[in-house]
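[1] Next one to model:
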Amino acid sequence: MSAGDILSLAMFVSFIVLIFTGFPVAWVLGGLAVLFTAIGIIADVDFHLPVAMSWDYSTLVVDRMWNVMNNWVLVALPMFIFMGLMLDRAGIAQRLLTNVSRLFGRVGGGLAVTIALIGILLAASTGIIGASVVLLALLGLPKMLEAGYKPELAVGTVCAVGTLGILIPPSIMLVLMADRLAMPVGDLFLGAVFPGVLLGLLFIGYILIYALLRPEVAPVPAEREALDGRIVVDVLIAILAPAGLILAVLGSIFFGIATPTEAAGVGAFGAMALAWTNRQLDRRVLREVLRETTRTTAYIFAIFLGATAFSLVLRGLGGDTLIRGILTGLPFGPTGVVIAILAFTFLLGFFLDWIEITLIVLPLVSPVVAELGFDLVWFTILFAVCLQTSFLTPPVGFAIFYLKGVVPPGVSVGTIYRGVIPFIILQLVGLVVLFCWPELATWLPTKAYK
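    Numbering: from 1, shown residues only. Predicted coordinates:
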């Protein structure tokens, strides 16, 4: 093993270790880039690294950062974040819960199915995991617990369904992935539609079957409204607003009417219009949404810049060559290499946030996958499903901590962990289905642009 390989491994391991110190991730990434540049300069004198490291090499970081901040695709990021946060304050979810729960009131597990359906609609409207999980918990969790639902099922449903927003388009994660891989955002949006719906259907199917086999875990309410045409009409009216916004945003991208950046602007305006229509828009709400949008965007871009510096130095030390050699040297064949990458990504999700994995790991492994002849859209969606699972896996399952902050006092972290396990298994089932049938991710992109 060369000196560059040793330094590359040391740099990556140092990053994972320092994450647990509590320092901001962006500073960890940038600080390691500076530190290992200095170490590389010293080591290059005796060991001749793949790139002649010097402080002049650091000027490349400035050029890369300029390219990041000058990228028009990333302009969509703050507007999608604004859209999601504004929709959370528009009162749409409350109307959906009231009306959809009437529709499924006569079914065992009907409340949980209602939460799942609302979560899917929110996922296609917001894409903000923390906001979706908290909103679903505040609206649906007390109702399910009051109705006698098993706490594990109630919290597991809220936690799992709330994470769908990171996968179902418009997804900020897919925007970042498209930028890192120089791919059209529209291809990834189209490719994620069927896998996202598949996961939602798996969740709903599990809830219905579980409630059928064990009625006591999700009892049917004693007082339930008879199903009639008025309920159906009320549900359609409640769904009309978010469905219209989804169609305006995604439809304009899918049919080539607007770029993702332009569609993000349409979504942000539409969210404000819906909030105004529901009389939820005032100066205070607008100020809060703008402040939270700024914080979230700044957090993501700070990590983006730190990861840019980190990745450049890692490549300079020969890290990309090392990873390519490790992957191509695996005795599994091309399919086994992809499985190994996904397994590694799944394990990394226990400890790292999706942003770091997207910005650092994905650009290193995707060239190997492309060289092996696999469709990059399919692989990227597989990678995205793996990262979506990371929101539920301890100890860094962010959805679990979002939920813990708003659950009733009697619901422990252990209850949440037990509740999410079946949904993690379901996500892995969805990953296997997507792996075996790549057309779920590739069919729609190939048909949409013909």
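[2] need the next SSE after the lowest-mean-pLDDT helix or strand in the chain, C-terminal direction.
    Scoring the helices and strands of the chain by mean pLDDT, DSSP states H and E places helix 59-69 at the bottom, with a mean of 68. With elements assigned by DSSP states H and E, the helix or strand that comes after helix 59-69 is helix 76-88.
[3] residues of that next one that come out buried?
    Judged by neighbour count (16 or more other C-beta atoms under 10 Å), helix 76-88 contains these buried residues: 76-88. Backbone N, C-alpha and C define where each C-beta goes, glycine included.
[4] Please apply the same query to stretch 375-395.
    Going by neighbour count (16+ other C-beta under 10 Å), the buried part of stretch 375-395 is 375-393.
[5] what's the answer for stretch 178-190, then?
    Buried-residue list, stretch 178-190, by 16+ other C-beta under 10 Å: 178, 179, 180, 181, 183, 184, 185, 186, 187, 188, 189, 190.
[6] what about it, distance to the chain center?
    Its chain's C-alpha centre and that of stretch 178-190 lie 14 Å apart, by C-alpha atoms, centre = their mean, to the nearest Å.
[7] Stretch 392-409 too?
    Offset of stretch 392-409 from its chain centre (C-alpha atoms, centre = their mean): 16 Å.
[8] again, but for stretch 115-123
    Chain-centre distance of stretch 115-123: 15 Å, with C-alpha atoms, centre = their mean.
[9] which residues touch that stretch?
    Applying C-beta atoms under 8 Å, 6 or more residues apart in numbering, the contact partners of stretch 115-123 are 87, 93, 96-97, 100, 132, 135-136, 139-140, 144, 157-158, 161-162, 164-165, 167-168, 196-197, 200, 203-204, 207, 239, 242-243, 246.
[10] sorry, back to before: just name the closest of the buried residues of helix 76-88 to residue 3, please.
    Checking those against residue 3 by C-beta to C-beta gives residue 77 as the nearest, at 38.1 Å.
[11] quick one, what contacts that closest one?
    172, 175, 176, 264, 297, 300.
[12] Which among the contacts of stretch 115-123 count as buried?
    Buried among those (16+ other C-beta under 10 Å): 87, 93, 96-97, 100, 132, 135-136, 139-140, 144, 157-158, 161-162, 164-165, 167-168, 196-197, 200, 203-204, 207, 239, 242, 246.
[13] Please save the CA atoms from stretch 206-222 in PDB.
    Provided in PDB are the C-alpha atoms of stretch 206-222 (Å, rounded to 0.1, in the frame of the first residue of the first chain):
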ATOM      1  CA  TYR A 206     -48.000  -3.700   5.900                       C
ATOM      2  CA  ILE A 207     -50.300  -1.600   8.000                       C
ATOM      3  CA  LEU A 208     -53.400  -3.200   6.500                       C
ATOM      4  CA  ILE A 209     -52.100  -6.800   6.800                       C
ATOM      5  CA  TYR A 210     -50.800  -6.300  10.400                       C
ATOM      6  CA  ALA A 211     -54.200  -4.800  11.400                       C
ATOM      7  CA  LEU A 212     -56.000  -7.600   9.800                       C
ATOM      8  CA  LEU A 213     -54.000 -10.300  11.500                       C
ATOM      9  CA  ARG A 214     -53.900  -8.500  14.900                       C
ATOM     10  CA  PRO A 215     -56.900  -6.200  15.200                       C
ATOM     11  CA  GLU A 216     -56.000  -5.100  18.700                       C
ATOM     12  CA  VAL A 217     -52.900  -3.200  17.400                       C
ATOM     13  CA  ALA A 218     -55.000  -0.900  15.200                       C
ATOM     14  CA  PRO A 219     -58.700  -1.100  16.300                       C
ATOM     15  CA  VAL A 220     -61.600   0.200  14.300                       C
ATOM     16  CA  PRO A 221     -63.200   3.200  16.000                       C
ATOM     17  CA  ALA A 222     -66.400   2.400  17.900                       C
END
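[14] Buried residues in that stretch, which are they?
    Neighbour counts over stretch 206-222 (16+ other C-beta under 10 Å) mark 206, 207, 208, 210, 211, 217, 218, 219, 220 as buried.
[15] Compute the distance between the third one and residue 339, please.
    When C-beta to C-beta, to the nearest Å is applied, the distance between residue 208 and residue 339 equals 31 Å.
[16] Over to the second one?
    Relative to residue 339, residue 207 is positioned 29 Å away (C-beta to C-beta).
[17] on that earlier part again, go through the contacts of residue 77 and say which is closest to residue 320.
    Nearest to residue 320 out of the contacts of residue 77 is residue 176 (C-beta to C-beta; 19.0 Å).
[18] Quickly find the element holding the closest one.
    Per DSSP H and E: residue 176 is located in helix 172-181.
[19] Over to residue 399?
    helix 398-404.
[20] What residues sit buried inside the helix or strand just after that helix?
    Using DSSP H and E, the helix or strand that directly follows helix 398-404 along the chain is helix 413-436. Neighbour-count burial for helix 413-436, counted by 16+ other C-beta under 10 Å, picks out 415-420, 422-424, 426-427, 430-431, 434-435.
[21] in the stretch 251-400 of the chain, which ranges drop under the pLDDT threshold?
    Applying pLDDT under 70 to the stretch 251-400 of the chain picks out residues 395-396.
[22] what residues are up against residue 354?
    Residue 354 makes contact with 166, 173, 387, 388, 390, 391, according to C-beta under 8 Å, 6+ apart.
[23] how near is it to residue 244?
    Counting by C-beta to C-beta, the gap from residue 354 to residue 244 is 29 Å.
[24] Identify the residue nearest the geometric centre of the chain.
    Closest residue to the average C-alpha location of the chain: residue 166 at 2.6 Å, with C-alpha atoms, centre = their mean.
[25] so who does it touch?
    Residue 166 sits next to 127, 129, 172, 173, 354, 384, 387, 388, 391 when contact means C-beta under 8 Å, 6+ apart.
[26] Could you list which of the residues you listed belong to strands?
    Residues of these located in strands (DSSP state E): none.
[27] For those residues, could you give me CSV that also reports distance to residue 292?
    Below are these laid out as CSV (distance: C-beta to C-beta, whole Å):
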residue, distance to residue 292
127, 14
129, 14
172, 14
173, 18
354, 19
384, 24
387, 22
388, 22
391, 19
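[28] out of those residues, which one sits closest to residue 153?
    Closest approach between the contacts of residue 166 and residue 153, by C-beta to C-beta: residue 391, at 18.3 Å.
[29] I figured the closest one hits residue 397, correct?
    Yes - counting by C-beta atoms under 8 Å, residue 397 is a contact partner of residue 391 at 5.8 Å.
[30] Quick check: residue 34 vs residue 40, distance?
    Separation of residue 34 from residue 40 (C-beta to C-beta): 11 Å.
[31] neighbour-wise, which of the two wins?
    Taking other C-beta atoms under 10 Å, residue 34 and residue 40 do not tie; residue 40 has more neighbours (25 against 15).
[32] surely the more buried one meets residue 317?
    Yes - if you go by C-beta under 8 Å, residue 40 and residue 317 touch, sitting 5.9 Å apart.
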